[in-house]
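[1] can you look at this prediction? I've put the sequence above it.
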Amino acid sequence: MKKYGILANPAKHSLSPAMHNAAFKELRMRAHYEIFEVPENELAKFMKSVRNERIEGLSVSLPYKETIIQYLDKTNKDALKIGAVNTIVNKEGFLYGFNTDYLASNKALFLDPSARNIPKDPLAIVIGGGGAARAVCYGLLKMGINVVVANRTREKADAIAIEFAELFHDSEIHSSSLEDLGTGDILINTTSIWTKEPGISVRNLPYFCDREYVKEFKLIMDICYKPLETPLIKMAKRLEKGFVTGEKMLLYQALDQFELWTGKKAPMEVMRAALEEGLKNSGC
Ligand code: ATR
């Protein structure tokens, strides 16, 4: 029986076991995906056991996407530039790191039917300054799309813009504060605001959810999936805009992980159904 799992803390409510175990079952593979909820002070010991006890592959989530890099033997260059790994492949004790989030973000956006309404050479406004913002910005820039990144703590947005501007020459990135945001064609929320402030009142919503602001955009994505219908998504719906909810990126990053681990094509519909069931059961 091959062993896979998610490394995170907390990890108990992860929807990844449902998706990956459904895929293993569908392909009749002798494999199982588990939850590894590891506290910070046990991370080094755990990573040793990944090599020795032959855990074949790991998903990595909060808070370890950045710190995990030091425990790996080789990290793919996109993951290094993003500064975050969300996928580990164990090849006979040699640990490889990848990032499947940035392509997942691109797929969630551009495979959506409403992406047809995006003009040529669009401008994307990305809200956030954490690891998720970095992956989303990186994906867009790699597609040649210009980006403005805006964060509550302005310095983090500035740092992303300076760093990524040096990497890409066919697309541009600038930074902004949340207060004087300019408009664009694609609006993406990557912040954890809905998780951190679940009961936020309409009066206290940030400006990027404002009717007058959102109405300027063609396509709106929120990567949050708890809840799926965030205040931003609600506004996009009310304005009859194209919108992409957070479970899409979650699904696409898992499909690519599965393929990296197994070399097999991931059974997308089976994994999508397992994810939808999991979301329903957790009240999203
Ligand atoms: P991730 O790796 O998922 O991006 P993270 O590094 O913790 O997670 O980043 C969370 C992001 O959500 C940050 O950009 C944070 O803004 P700060 O850098 O100012 O902390 C943003 N965020 C969290 N709560 C927020 C809130 N109430 N309003 C605006 N932004 C918020």
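    Now that the structure is in, tell me what you want to look at. Numbers count the residues shown, from 1 in each chain.
[2] you'd agree V149 is in a strand?
    Yes: assessed by DSSP: H, G, I helix; E, B strand; the rest coil, V149 belongs to a strand.
[3] quick one: contacts for the residue nearest the centre of the chain?
    Among the residues of the chain, the one closest to the centroid is D101, at 4.6 Å (CA atoms, centre = their mean). Residues counted as contacts of D101 (CB atoms under 8 Å, 6 or more residues apart in numbering) are I82, A84, N86, A132, A135, V136, G139, M249, Q253. (C-beta placed from N, C-alpha, C; glycine too.)
[4] list the contacts of the residue of the chain at minimum distance from the ligand.
    Distance from the ligand to each residue of the chain (CB to the nearest ligand atom) is smallest for G130, at 2.3 Å. Contacts here follow CB under 8 Å, 6+ apart; on that basis G130 touches K156, T190, T191, S192.
[5] how long is stretch 89-108 end to end?
    Stretch 89-108 has an end-to-end distance of 24 Å (criterion: CA to CA, to the nearest Å).
[6] mind listing what's buried in that stretch?
    For stretch 89-108, the neighbour count (16 or more other CB atoms under 10 Å) marks 89-90, 95-108 as buried.
[7] restricted to helices, list these.
    Mapping the buried residues of stretch 89-108 onto helices (DSSP state H) picks out D101, Y102, L103, A104, S105, N106, K107, A108.
[8] could I get those as TSV with distance to I35 and pLDDT?
    Below are those laid out as TSV (distance: CB to CB, whole Å; pLDDT from 0 to 100):
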residue	distance to I35	pLDDT
D101	20	98
Y102	25	98
L103	25	98
A104	21	98
S105	24	98
N106	28	98
K107	26	98
A108	24	98
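[9] how far away is the nearest residue to M268 once chain neighbours are set aside from L141?
    If the residues on either side of it in the chain are set aside, M268 comes closest to L255, at 5.9 Å by CB to CB, 6 or more residues apart in numbering. Per CB to CB, to the nearest Å, L255 is found 22 Å from L141.
[10] swap in Y102?
    For Y102, the distance to L141 equals 9 Å [CB to CB].
[11] tell me which parts of the stretch 1-150 of the chain are close to the ligand?
    By the rule CB under 6 Å from any ligand atom, the part of the stretch 1-150 of the chain lying against the ligand is G128, G129, G130, G131, A132, A133.
[12] do that again at 5 Å, thanks
    Within the stretch 1-150 of the chain, the positions near the ligand by CB under 5 Å from any ligand atom are G128, G129, G130, G131, A132.
[13] right, and T67 touches L43 too?
    Yes: the pair T67 / L43 is scored as a contact, 7.3 Å apart, by CB atoms under 8 Å.
[14] tell me where the stretch 1-150 of the chain has strands.
    Assigned strands in the stretch 1-150 of the chain, in chain order: 2-8, 31-37, 55-60, 74-75, 87-91, 94-98, 123-127, 146-151 (criterion: DSSP state E, counting those that start in this stretch).
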